[in-house]
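[1] got a sequence here, can you model it:
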Amino acid sequence: MPDTPTPNALHKNTAAGTANPSTGSSGGSNPSAERGRTALAVGVVEKIAGMAAREVSGIHALGSGLSRTFGAMRDKVPGNKSSMGRGIKAEVGEKQTAIDIALVVEYGVVIPRLATQVRENIISAVERMTGLEVVEVNIAVNDVHLPDEPDIDEDEEPVPSGQRPKLQ
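    Numbers count the residues shown, from 1 in each chain. This next block holds a predicted model:
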């Protein structure tokens with residue numbers, strides 16, 4: 001995966017004489033879209049895809065069990081924020097992106113229909129917000145959440161029996 005370019009690297013990659021910093025004009029009739037480059041970090045695409053996937057009803061969680069466990073521990077570190085891109089991997093090029101997503105679905109959902117809805121929602125959101133062409137969205141359903149399973153929030157520690165939960 002390519003690293004996110006720095007502003008200096010972007011400046012070096014632009015064509016010579018495209019913009020005059022003192023006047024803000026190019027001296028030519030180039031449209032503003034041709035006067036520079038926009039680079040998107042992989043995390044941007046992953047967050048957009050994560051938010052779009054969470055909008056679909058029938059998804060219990062994103063990520064495999066292992067990634068959710070590590071993510072929950074990482075979220076407990078002071079100063080860290082929860083990751084909207086958990087369970088999502090993206091490869092981002094200049095004009096295209098490919099996205100892999102791992103899901104835990106609710107019991108009773110028709111998985112092929114859910115996968116189609118998730119794929120359509122991710123493609124729509126990423127293409128609309130980034131202008132990148134989404135060439136593929138690969139979905140891996142790693143688990144099914146059953147109604148009788150305890151639903152422990154990843155941000156909360158389970159309370160051992162006989163003890164009161166900690167108040168914050």
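[2] residues making contact with the top helix by length along the chain?
    Counting by DSSP state H, the longest helix found in the chain is helix 111-130. Helix 111-130 has contacts (CB atoms under 8 Å, 6 or more residues apart in numbering) with 40, 44-45, 48-49, 51-53, 55-56, 58-59, 97, 99, 101, 103, 105, 132-134, 137, 139, 141. In short, each C-beta sits where N, CA and C put it, glycine included.
[3] let's see which of those end up in strands.
    Residues from the contacts of helix 111-130 lying in strands, with DSSP state E as the criterion: 59, 97, 99, 101, 103, 105, 133, 134, 137, 139, 141.
[4] these two touch, right, the last one and residue 106?
    Looking back up the chat, that one is residue 141. No - the criterion here is CB atoms under 8 Å, and residue 141 misses it with residue 106 at 11.1 Å.
[5] what pairs with the helix or strand hosting residue 90, and is each one parallel or antiparallel?
    Counting by DSSP states H and E, the element that carries residue 90 is strand 88-92. Using DSSP bridges, the strands paired with strand 88-92 in its sheet are strand 96-106 (antiparallel).
[6] relative to helix 111-130, how tilted is the partner strand?
    Inter-element angle recorded for strand 96-106 and helix 111-130: 140 degrees (by axes from the mean of the first three to the mean of the last three CA atoms, to 10 degrees).
[7] contacting residues around strand 96-106?
    45-46, 49, 53, 58-64, 67-68, 87-91, 111, 114, 118, 122, 126, 130, 132-145.
[8] let's see that with 6 Å instead.
    With CB atoms under 6 Å, 6 or more residues apart in numbering as the test, strand 96-106 has contacts from 45, 49, 58-61, 63-64, 87-91, 132-145.
[9] what pLDDT does residue 134 get?
    In this prediction, residue 134 carries a pLDDT score of 97.
[10] what of residue 86?
    With respect to pLDDT, residue 86 has a value of 75.
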